[in-house]
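Participant: I would like to see how this sequence folds:
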Amino acid sequence: MINKKILFSLITLLLVAITSNAANRRFTLVIDPGHGGHDTGAMGAFSKEKDINLTIALAFGKLVERSCPDVKVVYTRRSDVFIPLKDRADIANRNKADLFVSVHTNALPGGHIARGFQTYTLGSGRASGSKRGIVQNLEVAKRENAVIYLEKDYRQTYQGFDPNSSESNIMYEFIQDKNMEQSVALAKLMQRNVCSATGRADMGAHQDNLAVLRLSSMPSCLLELGFISTPDEEQFLNTADAVDRYAKGIFNAFVAYKSKYYGGDIVVPYKVTEPVKSTIPNIVPDQYKESETPVPAVEPVQETDNRPVFKVQVLTSGHKLSAKEKTSRGLEDADFYQENNTYKYTYGASNDYNEINRLRIQLRDKFPEAFVIAFKGDMKMDVREAIKEFKQNK
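Facilitator: Take a look at the predicted model:
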């Protein structure tokens, strides 16, 4: 049995060998746009998760390629193709990646509403399965780092060291702990930089037993950009402005992480203009200011049957706006409804979804985060179900 002093020396030597190997080559970043092909991921009212993931992942990678000459960027996919989870991790492992970033979009079922950006790293988020996840990750790390044992001076450098011994497991557990430590540090940088750039709510960094992270052998994290199931976030995620902001926020977090742990070329983070403010309950965003743009007229709704009625929601307030407040925000002709002690202001009312969606597009300059909602009678309904019903009745 190797004593603790020798074991510590072996750990130090192994870490030095790994660090030296990394220092002698370009930093490798693997970017993984989640889902693809027949795997659409979460579905929004008008968009698919797989497309949002790919667009923002490629935009992030382009910034790295343009600004970081000492970084090699590898993508698990660059087009709308299906890649199994195991293959995504294998791509990172085969390329001996220094960092693995998987890009996803969140969703909630049944019309539930949530907003914000989240980051996940491998850890004990769930009581069941988490230990198995870490053990599997450890096995991958052991297999991928086995190249060290092919060094010509292996026996002299690591005297008495058996790769299959319990001491070997301790050493790899130590390395795996370092991977987890760096992954958590990256997650915190992602939360800070992405939320700052995009104006999304900070929903925190979490740990869980995620397969695509469990099977990789390097520091890694999975990003949940926002909620495609929440209408205003889906609208935002599909804008060119959002793509630019997410890409720059993720890039700035990556630069800070790489500078801290790996050094290399000094890269100045991208400056991001004042973030877009989200429309959230009990807050009237400052962006809703008086505008000279008139609100387009919409044909009145036909209430002769039980078809869904579509409207464009433009503003949420914690109190009923006075006539003066409505005028100052360009809401003179807006209607409102009350939900959860908040007042929500809308324009238009039609059984024709296409007509209301055109109105939303016309209102974008005045109300950038406007989105379509639906009612049946006096009850609000899931807009996705309403659109499905509208298509069936055409």
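
Participant: Run through the stretch 201-350 of the chain and note the low-pLDDT ranges.
Facilitator: 209, 265-266, 273-305 (pLDDT under 70).

Participant: Mind doing that once more with 90?
Facilitator: 203-218, 261-307, 313-345 (pLDDT under 90).

Participant: hey, where'd the strands end up in the stretch 201-350 of the chain?
Facilitator: Per DSSP state E, counting those that start in this stretch, the stretch 201-350 of the chain carries strands over the ranges 202-208, 220-227, 309-317, 335-339, 342-350.

Participant: now, of the ones you listed, which is deepest in the fold?
Facilitator: Highest mean neighbour count of these: strand 220-227, a mean of 26 (counted as mean count of other CB atoms under 10 Å). For the C-beta atoms, the positions are set from N, CA and C on the backbone; glycine is no exception.

Participant: Distance from it to the middle of the chain?
Facilitator: 3 Å (CA atoms, centre = their mean, to the nearest Å).

Participant: same check, this time on stretch 256-275
Facilitator: 19 Å.

Participant: what's next to that stretch, contact-wise?
Facilitator: When contacts are defined by CB atoms under 8 Å, 6 or more residues apart in numbering, stretch 256-275 is touched by residues 22, 27, 63, 67-71, 98-99, 182, 185-186, 189, 193, 196-199, 245, 248-249, 251-252, 255.

Participant: quick one: the helices in this protein?
Facilitator: Taking DSSP state H to define them, one finds helices in the chain at 4-23, 49-67, 85-94, 130-144, 154-157, 166-198, 211-214, 231-237, 240-261, 323-328, 353-362, 383-393.

Participant: Hmm, K311 and Y347 touching each other?
Facilitator: Yes. Look at Y347 against K311 with CB atoms under 8 Å: they come within range, at 7.0 Å.

Participant: Find residues that contact each of those two.
Facilitator: With CB under 8 Å, 6+ apart, Y347 and K311 have common neighbours D335.

Participant: Using TSV, lay out the strands of the stretch 201-350 of the chain together with distance to A92.
Facilitator: Output for the strands of the stretch 201-350 of the chain, formatted as TSV (distance: least, CB to CB, whole Å):
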stretch	distance to A92
strand 202-208	18
strand 220-227	8
strand 309-317	42
strand 335-339	44
strand 342-350	44
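
Participant: wait, which of those strands is closest to L108?
Facilitator: Among those, strand 220-227 comes nearest to L108, with 6.3 Å by CB to CB.

Participant: and the angle from that closest one to helix 85-94?
Facilitator: 130 degrees (axes from the mean of the first three to the mean of the last three CA atoms, to 10 degrees).

Participant: Tell me which strands strand 220-227 pairs with, and in which orientation.
Facilitator: Each strand paired with strand 220-227, and its direction, by DSSP bridges: strand 99-106 (parallel), strand 117-122 (antiparallel).

Participant: hey, least reliable of those strands by pLDDT?
Facilitator: Ranked by mean pLDDT, the strands paired with strand 220-227 end with strand 117-122 at the bottom, a mean of 89.

Participant: what residues does that strand touch?
Facilitator: Counting by CB under 8 Å, 6+ apart, 106, 133-134, 137, 180, 183-184, 186-188, 190-191, 194-195, 198, 200-210, 213-214, 220-226 sit against strand 117-122.

Participant: Where among the helices of the chain is average confidence lowest?
Facilitator: helix 130-144 (a mean of 42).

Participant: Would you tell me which of the strands of the stretch 201-350 of the chain gets closest to S79?
Facilitator: Here strand 220-227 is closest among those (CB to CB), at 19.4 Å.

Participant: CA atoms only: put that closest one into CSV for me.
Facilitator: C-alpha atoms of strand 220-227 as CSV (Å, rounded to 0.1, in the frame of the first residue of the first chain):
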residue,chain,number,x,y,z
SER,A,220,-18.5,21.1,-18.5
CYS,A,221,-21.9,22.8,-18.1
LEU,A,222,-25.3,22.8,-19.7
LEU,A,223,-27.1,26.2,-20.4
GLU,A,224,-30.8,26.7,-20.3
LEU,A,225,-31.2,29.9,-22.2
GLY,A,226,-34.8,30.7,-21.3
PHE,A,227,-38.4,29.3,-21.4
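
Participant: Just the angle for it relative to helix 49-67, thanks.
Facilitator: Using the same axes, to 10 degrees: strand 220-227 against helix 49-67 is 120 degrees.

Participant: quick thing: my sequence starts at 45, can you match it?
Facilitator: Done: numbering now begins at 45, and the last item shifts to strand 264-271.

Participant: now strand 264-271 against helix 284-305, angle please.
Facilitator: 160 degrees.

Participant: what's near enough to touch the nearest residue to V147 once chain neighbours are set aside?
Facilitator: Once flanking residues are discounted, V147 sits nearest to A101: 4.3 Å by CB to CB, 6 or more residues apart in numbering. Shown in contact with A101 (CB under 8 Å, 6+ apart): 75-77, 119, 147.
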